[in-house]
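Visitor: any chance you can model this:
(one chain, ligands or ions: 1)
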Amino acid sequence: MIDFRSDTVTKPTDAMRAAMANAKVGDDVYGDDPTVNRLQDMAAERFGFDSALFVSSGTQANLLALISHCDRGDEYLCGQQAHNYKFEGGGAAVLGSIQPQPLNNQADGSILLTDIEAAIKPDDVHFARTRLLSIENTIGGKVLPQQYLADAQALAFNHNLKIHLDGARVANAAVAQNIAISDITQYFDSVSICLSKGLSAPIGSILLGDERLINKAIRWRKMLGGGMRQAGIIAAAAELAITDQVDRLAEDHDNAALLAQHLLEMPELNVDISQVQTNMVFATLDKRFDVKHLTLLLAQQGILISSSYSLRFVTHKDISRQDILTFVKALKACLPQALTK
Ligand SMILES: *Cc1c(COP(=O)(O)O)cnc(C)c1O
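Guide: Next up is the predicted model:
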């Protein structure tokens, strides 16, 4: 199987499985799990925060951040394409009574600072209270410039907003720029990081913030049913995601670039190479081809791809350079069969 659908499909490494088998555990709701505590302390220190919280998923980490920063009747500013607006079931509205104010994402993934400023509501009974700016990096595989993050932080500070980073793939952003993750997280009041994507842990995300925010998040997490007991079993793997898997992401980026180069040479496909910056390649297929049929033909050869809007290929630990070449060959063979006429 060559699975390009997402980096969430990565299997835990042998080292992770061994660490899980041997993990010292306790009841984490009592704060007694030594492996969870070690992971949280390590993450907080490494990424430059007072506190960290190990949670079940990136969606939960974002939700906890949003409902811990904002009260009922508040709003958060985010991108139209933001995961925590578009792909999290409206959780902040449903569970937090918080209104999202989505703003256009530019082609590079950023939100114009002038758009952000214009969306901040005055103190007036007609309006929701604008409390938080939420930024995503990487977004659609694209890396936001460091200067942009600094400018967004300054803007948030000047308007008394908190600033959150949906850093599900912040490790990819750091590796792509050859900087430390903390060089990116330094601009934010809170950060969520997925350990279960390219970093290959089986389960889990980290939420970073100051002590007050994390204490609020612990309360909300319990209320949401996310208080976990002997969670050291999964924290042991999550720890290795942070210590052992970050540098390896460079291979995924190289493989994505290799794939993009091959797709560029195929006249049936359109790829915007400027958007290929980390581990994602997006392509559109000439209208003469049936995308659904192509997806099916590839699946019959053990190759899985995403084809909901455009074609999306995500590279990760369990896709090798050889797999890229195997896929390109299979794609060339399948395309003629996917012609509609
Ligand atoms: C995957 C993802 C999430 C959510 O993570 P889950 O662990 O799948 O809930 C949040 N934000 C971004 C940008 C993501 O890519």
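Visitor: which residues touch the closest residue to the ligand within the stretch 151-300 of the chain?
Guide: Ranked by Cβ to the nearest ligand atom, the top residue of the stretch 151-300 of the chain for proximity to the ligand is Ala168, at 3.2 Å. Bear in mind the C-beta positions are built from the backbone N, C-alpha and C, glycine included. By Cβ atoms under 8 Å, 6 or more residues apart in numbering, the residues touching Ala168 are 58, 83, 136, 192-194, 197, 205.
Visitor: now do the SS call for the residue nearest in space to the middle of the chain.
Guide: Among the residues of the chain, the one closest to the centroid is Ala168, at 2.4 Å (Cα atoms, centre = their mean). Classification of Ala168 by DSSP: H, G, I helix; E, B strand; the rest coil places it in coil.
Visitor: over to Glu251?
Guide: helix.
Visitor: tabulate the CA atom coordinates of the longest strand along the chain in CSV.
Guide: Taking DSSP state E as the criterion, the chain has its longest strand at strand 129-136. Extracted C-alpha coordinates of strand 129-136, given in CSV (Å, rounded to 0.1, in the frame of the first residue of the first chain):
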residue,chain,number,x,y,z
ARG,A,129,-16.1,40.8,21.4
THR,A,130,-13.1,40.1,19.3
ARG,A,131,-10.7,38.2,21.6
LEU,A,132,-8.4,36.0,19.6
LEU,A,133,-6.4,35.8,16.3
SER,A,134,-5.8,32.3,15.1
ILE,A,135,-3.1,31.6,12.5
GLU,A,136,-2.2,28.2,10.9
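Visitor: buried sites along the following helix or strand past it?
Guide: Moving toward the C-terminus from strand 129-136, the next helix or strand (DSSP states H and E) is helix 146-158. Going by neighbour count (16 or more other Cβ atoms under 10 Å), the buried part of helix 146-158 is 146, 148-149, 152-153, 155-156.
Visitor: now tell me what touches helix 146-158 from outside.
Guide: 110, 113, 116-117, 133, 135, 137, 161-163, 177, 179, 183-184, 187-188.
Visitor: who wins for most neighbours among those?
Guide: For those, the largest neighbour count, defined by other Cβ atoms under 10 Å, is 29 neighbours, found at Phe188.
Visitor: just confirm it is within a strand.
Guide: No - counting by three-state DSSP, Phe188 is not found in a strand; it is coil.
Visitor: next, give phi and psi for it.
Guide: With angles defined as degrees, to the nearest 10, Phe188 sits at phi -120, psi 150.
Visitor: the closest residue to the ligand within the chain - how many residues pack around it?
Guide: Of all residues in the chain, Gly58 sits closest to the ligand, at 2.3 Å by Cβ to the nearest ligand atom. Look at Gly58: counted by other Cβ under 10 Å, it has 27 neighbours.
Visitor: report the contact partners of it.
Guide: 83, 166, 168, 192-194, 196-197, 205.
Visitor: and if we set it to 6 Å?
Guide: 168, 192, 194, 205 (Cβ atoms under 6 Å, 6 or more residues apart in numbering).
Visitor: before we move on, what about Phe289?
Guide: Ala338.
Visitor: against Arg288, how distant is the residue of the stretch 151-300 of the chain closest to the ligand?
Guide: Separation of Ala168 from Arg288 (Cβ to Cβ, to the nearest Å) stands at 35 Å.
Visitor: and the gap between the residue of the chain closest to the ligand and Gly167?
Guide: Relative to Gly167, Gly58 is positioned 9 Å away (Cβ to Cβ).
Visitor: please apply the same query to Met42.
Guide: 16 Å.
Visitor: neighbour count: these two, which is higher?
Guide: Gly167 (30 against 16).
Visitor: and the pLDDT for that one?
Guide: Looking at Gly167, its pLDDT reads 98.
Visitor: try Tyr309
Guide: For Tyr309, the model assigns a pLDDT of 69.
Visitor: what about Leu165, which SS state?
Guide: strand.
Visitor: residue contacts, it?
Guide: Contacts of Leu165 (Cβ under 6 Å, 6+ apart): 135, 188, 191.
Visitor: ok, what's across the strand from the residue lying closest to the second one once chain neighbours are set aside?
Guide: Think Phe188. With Cβ to Cβ, 6 or more residues apart in numbering as the measure, Leu165 is the residue that lies nearest to Phe188, at 4.3 Å, once sequence neighbours are left out. Per DSSP bridges, the residues bridged to Leu165 are Ile135, Val191.
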